[in-house]
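Q: Return atomic coordinates for the entry below.
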Amino acid sequence: MLDTTQAPAVPPAVELRGVGKRYPGVVALEDVSLAVQPGTVHALVGENGAGKSTLIKIVGGAVGWDEGTVLVDGVEQSSLTPRSAAAAGIAVIHQETQVA
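A: The predicted model follows:
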């Protein structure tokens, strides 16, 4: 029998499954999985060179990923751009601003 007392599951706002990014001679990210539910706040913490900035650049559409799957609101993305990420409600707030 179908249980109608529970609300339907909401897909993560952003989900990464096995995401990897490589640069010549460097593995920046390997097999990263993350699910961010709508209305939640997350922090990325790690040593220098751990891949935090690369991960944020992928989610924000600044760089592409080489392997794995990225979903936004449950829909698989073949690529993201800063414009398409912003249109999907993804905002990146950088820790340090650059002064030109």
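
Q: Let me see the mean pLDDT of stretch 24-32.
A: If you average the pLDDT over stretch 24-32, you get 96.

Q: Pull the residues that contact it.
A: L16, G18, V19, G20, K21, R22, G51, T54, L55, I58, W65, G68 (CB atoms under 8 Å, 6 or more residues apart in numbering). (Glycine included, C-beta is placed from N, CA and C.)

Q: now with 10 Å?
A: 16-22, 49-55, 57-58, 63, 65-68 (CB atoms under 10 Å, 6 or more residues apart in numbering).

Q: Write the PyMOL selection for whichever of those residues are buried.
A: The PyMOL selection below is limited to those of the contacts of stretch 24-32 classed as buried (16 or more other CB atoms under 10 Å):
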select buried, resi 16+19+20+21+51+52+53+54+55+57+58+63+65+68
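
Q: Out of the contacts of stretch 24-32, which sit inside helices?
A: K52, S53, T54, L55, K57, I58 (DSSP state H).

Q: all strands of this structure, in order?
A: Along the chain, the segments classed as strands by DSSP state E run 14-23, 26-36, 67-72, 75-77.

Q: helices or strands up against the first one?
A: In this structure, strand 14-23 packs against strand 26-36, helix 52-59, strand 67-72, strand 75-77, with contacts taken as 3 or more CB pairs under 10 Å, 6 or more residues apart in numbering; DSSP states H and E.

Q: one more time with 8 Å
A: Here strand 14-23 touches strand 26-36, helix 52-59, strand 67-72, going by 3 or more CB pairs under 8 Å, 6 or more residues apart in numbering; DSSP states H and E.

Q: Tell me what angle the second one forms with strand 14-23.
A: Angle between the axes of helix 52-59 and strand 14-23 is 120 degrees (criterion: axes from the mean of the first three to the mean of the last three CA atoms, to 10 degrees).

Q: which other residues reach helix 52-59?
A: By CB under 8 Å, 6+ apart, helix 52-59 touches 14, 16, 19, 21, 28-29, 32, 34, 44-46, 63-65, 70, 80, 85, 90, 92.

Q: rerun at 7 Å
A: For helix 52-59, the surrounding residues in contact (CB atoms under 7 Å, 6 or more residues apart in numbering) are 14, 19, 21, 28-29, 32, 44, 46, 63, 65, 85, 90, 92.
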